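K.L.:
here is my input, please return the structure:
(2 chains)
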Amino acid sequence: MTNTVLNMKDIDKSYRDGEAQRMILDHVNLTVRAGEFVAIVGPSGCGKSTLLNIAGMMLSPDSGEIELCGQVVSALPKKKWTQIRREMIGFIFQNHQLLPYLKAGEQLSVLLKSDRKKIQELFSELGIEHLMNQYPARMSGGERQRVAIARAFASDAALILADEPTASLDSERGHHVVEMIQMEAHKRNKAAVMVTHDERVLDLADKIYQMEDGKLVNSR
Amino acid sequence: MKLAWKELKYNWKKYLLVELIVILMMFMVLFLSGLVKGLGSAVSSGVDNMQAETFIVSEDAEKLLTVSALTSDEFDSIRQVYGDKATSIDVQRMYIQKDAAGDKLDIAYFAFDPDSFLNPEVYSGKKLGTEANTIVLDDDFESKGIQVGDSIIDSASGIQLKVDGFTKNAMYGHVSVGYISTETYTSIMKALNPMYQESVHAAAVQGAPKEKIDGTEAYSKAEIVEAIPGYKAEQMTITMVEWLLVVITALIIGIFFFVINLQKEKEFGVLKAIGTGMGSLVRIILGQVFLIAVSGALLSTGLVALMSAVLPATMPFTLVGSQVALVLAAFVVISILGSLATVIRVAHIDPAQIIGGDFQ
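P.N.:
Alright, predicted model coming up:
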């Protein structure tokens, strides 16, 4: 549990807000190790999604450095980013974001070229084997989010990023879904970062950071 | 590619509608294509089907067989240069009647020596012989109730002509052709005008033109066909409409795909976020367009082929394989070019918008 997967150093990001420059991220530092499940909480608009975008190689910081598995990726040209996202990062989005035209199993096999065995294994761990040949439209919200979790863990990504995974779920299901993320992160020894404003699921996180006014504060 | 196909299958209702529109539009395009060729052959097939490559007309004839007149000196020099490879041809528009009380029917007489290479094959009856006052007709006359063995009347001279046989695709300037011997032609002309001087309109030559003969001009078959009154105007107009339709249909596909893919911006964002490269996305989009365009093209070709089989013979409709292939290929290419607008749009989708909403 010692190897660092994600290391963000001194990240700054500001946006133009009308006339003024608004500092969204103010010298943010974040380190996540393999097998660690980190939660970032904060009011909406506090910058936690921006942080997640930067960690997910979809947005560049104004300054600062990002290391993924020991490699400084923030210096790489944008063209390489897609490849890094594909190979090193698994995403769990708000509202699942499954492709409506793929069956649950195909979300993994067609998109990520995962092999059957791995899909079977993940689906049974997440309790969704019976959904293998179902289209997302015929699943419940919780089921869809679990397929999305399977998709995030199906690649050999070292880092899992979850953006408000409980957003469209009631508290019981939300809690269950986050349990799944925690379980997979621990079992597969992956670094997981979850951004949420849902305080009811924080008991599952190994570490909790509070984000306020662009600053990240360790609260547990 | 797998993704492209799965999406088509899942949203098949939406894409079927697009496909239907493509099929109907392409059907129209191919129908016009058939009409271009059909009308073209209604004007020129009589000349097209002559076993000659070159026509020699008088210099002042403006490439028109009907206007040209060669003196016997000129024709003799032509015969000297080309020998048996040249023969005389007279083209004259007249009227015939089935019987004395019958309606007048337009006819274009093609008169030549029945022993020459111009004598066309027949599909019923027998070929034109040297017997006087016999005629071989275009099959269009058959559909007007004239049969082999009937005698028809040349309206102007009143001379009776015995129908020896029927041939196909013999039209000149929208008028069906009747083949007669030069002798028969001369007797008709003499009946009309006792002062008629024997002369020929033009000479048909097998092979390329050789030396120039004074007072005459040699033209290729294509040049002679283009000069037939109405040919160029018709061909240009319909061909323009046809190609306009090809472009419009291709653009419609492009626009449809643009709109359909606008609705999928979020999906493209997700695909990009989880690391799908732009190359794969381009393949998905173009693959779908290609599939829709090609299948639409093939299905419409089938439809048109079916329809041409049931069209009446009097309808000027001819499908030419190479022409159809050209139109279809152009259509597919323009469709793909049109869908590049979608590709550019998708290229600009920012995957970051999928996560959160701190900004925007």
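K.L.:
and residue B:321, how many neighbours does it have?
P.N.:
By other Cβ atoms under 10 Å in any protein chain shown, 8 other residues sit near residue B:321. For every residue, glycine as well, the C-beta is placed using N, CA and C.
K.L.:
let me know the pLDDT of it.
P.N.:
We have a pLDDT of 88 for residue B:321.
K.L.:
how close does it sit to residue B:42?
P.N.:
Distance of residue B:321 to residue B:42, given as Cβ to Cβ, to the nearest Å: 20 Å.
K.L.:
where does chain A come near chain B, residue by residue?
P.N.:
A:15, A:24, A:44-50, A:52-53, A:56, A:58-59, A:82-87, A:89-91, A:93-94, A:97, A:99-102, A:106, A:110-112, A:135, A:151, A:163-164, A:195 (Cβ under 8 Å from any Cβ of the partner chain).
K.L.:
which other helices and strands does the top helix by length along chain A contact?
P.N.:
If you go by DSSP state H, chain A has its longest helix at helix A:171-187. Applying 3 or more Cβ pairs under 8 Å, 6 or more residues apart in numbering or on different chains; DSSP states H and E, one finds that helix A:171-187 contacts strand A:37-41, helix A:116-125, helix A:141-154, strand A:159-163, strand A:191-196.
K.L.:
low-confidence stretches in the chain?
P.N.:
No chain was given, so I picked chain A. Residue ranges of chain A with pLDDT under 70: A:1-2.
K.L.:
wrong one, chain B
P.N.:
For chain B, applying pLDDT under 70 flags the ranges B:356-360.
K.L.:
dump the residue contacts of the residue most central in space within it.
P.N.:
Per Cα atoms, centre = their mean, the C-alpha nearest to the average position across chain B is that of residue B:37, at 1.2 Å. Neighbour list for residue B:37: B:317-320, B:323 [criterion: Cβ atoms under 8 Å, 6 or more residues apart in numbering or on different chains].
K.L.:
what number of residues lie near the nearest residue to residue A:166 once chain neighbours are set aside?
P.N.:
Setting aside the residues directly before and after it, residue A:166 is nearest to residue A:174 in space (Cβ to Cβ, 6 or more residues apart in numbering or on different chains), at 3.3 Å. Burial measure for residue A:174: 22 neighbouring residues, criterion other Cβ under 10 Å.
K.L.:
against residue A:126, how distant is residue A:174?
P.N.:
15 Å.
K.L.:
ditto for residue A:203
P.N.:
For residue A:203, the distance to residue A:126 - Cβ to Cβ - is 20 Å.
K.L.:
the more surrounded of the two?
P.N.:
Remark: of residue A:203 and residue A:126, residue A:126 carries more neighbours, 21 against 12, as counted by other Cβ under 10 Å.
K.L.:
dump the residue contacts of that one.
P.N.:
So residue A:126 contacts A:146-147, A:149-150, A:180, A:184 (Cβ under 8 Å, 6+ apart).
K.L.:
what helix or strand is residue B:219 on?
P.N.:
strand B:216-220 (DSSP states H and E).
K.L.:
which other residues reach that strand?
P.N.:
With contact meaning Cβ under 8 Å, 6+ apart, strand B:216-220 is reached by B:53-59, B:61, B:63, B:70, B:74, B:78, B:203, B:205, B:209, B:212, B:227.
K.L.:
buried set for it?
P.N.:
Neighbour counts over strand B:216-220 (16 or more other Cβ atoms under 10 Å in any protein chain shown) mark B:216-219 as buried.
K.L.:
any idea which of these is closest to residue A:6?
P.N.:
Comparing these against residue A:6 with Cβ to Cβ places residue B:219 closest, at 81.5 Å.
K.L.:
which residues does the closest one bridge with?
P.N.:
Applying DSSP bridges to residue B:219 gives these bridge partners: residue B:55.
K.L.:
so how far is residue B:47 from it?
P.N.:
11 Å.
K.L.:
please parse chain B into its domains.
P.N.:
Segmentation of chain B into domains, based on automatic domain parsing, reads B:2-44+B:232-354, B:54-207.
K.L.:
figure out which of those domains is closest to residue A:63.
P.N.:
Closest among the domains of chain B, once you apply Cβ to Cβ, is domain B:2-44+B:232-354, at 18.1 Å.
K.L.:
how long is that closest one end to end?
P.N.:
24 Å (Cα to Cα, to the nearest Å).
K.L.:
residues touching the spatially closest residue to residue B:277 that is not a sequence neighbour, list them.
P.N.:
Spatial nearest neighbour of residue B:277, excluding adjacent residues (Cβ to Cβ, 6+ apart): residue A:82 at 5.2 Å. Residues in contact with residue A:82 (Cβ under 8 Å, 6+ apart) are B:272, B:275-278.
K.L.:
quick check: the gap between residue A:82 and residue A:160.
P.N.:
Look at residue A:82 and residue A:160: by Cβ to Cβ, they are 18 Å apart.
K.L.:
buried ones in the strand or helix carrying residue B:20, by neighbour count?
P.N.:
Secondary-structure assignment from DSSP H and E places residue B:20 in helix B:12-48. For helix B:12-48, the neighbour count (16+ other Cβ under 10 Å) marks B:15, B:18-19, B:21-23, B:25-48 as buried.
K.L.:
helices or strands next to the top strand by length along chain B in the packing?
P.N.:
Ranked by residue count, the top strand of chain B under DSSP state E comes out as strand B:86-97. Applying 3+ Cβ pairs under 8 Å, 6+ apart, one finds that strand B:86-97 contacts helix B:72-82, strand B:104-112, strand B:151-154, helix B:182-192, strand B:202-205.
K.L.:
hmm, 6 Å instead?
P.N.:
Strand B:86-97 is packed against strand B:104-112, strand B:151-154, strand B:202-205, with contacts defined by 3 or more Cβ pairs under 6 Å, 6 or more residues apart in numbering or on different chains; DSSP states H and E.
K.L.:
quick one, what contacts the closest residue to residue B:353 other than its chain neighbours?
P.N.:
Excluding the flanking residues, the one nearest residue B:353 by Cβ to Cβ, 6+ apart is residue B:269, at 5.9 Å. By Cβ atoms under 6 Å, 6 or more residues apart in numbering or on different chains, the contact set of residue B:269 is B:349, B:351, B:353-354.
K.L.:
quick check, nearest of those to chain A?
P.N.:
For the contacts of residue B:269, the closest approach to chain A (Cβ to the nearest Cβ) belongs to residue B:351, at 5.0 Å.
K.L.:
and that closest one, how many residues sit next to it?
P.N.:
Around residue B:351 there are 24 residues (other Cβ under 10 Å).
K.L.:
where does it fall, phi/psi-wise?
P.N.:
Taking degrees, to the nearest 10, you get phi -60, psi -20 for the backbone angles of residue B:351.
K.L.:
that one against residue A:58, yeah?
P.N.:
Yes: Residue B:351 lies in contact with residue A:58 (Cβ atoms under 6 Å); the separation is 5.0 Å.
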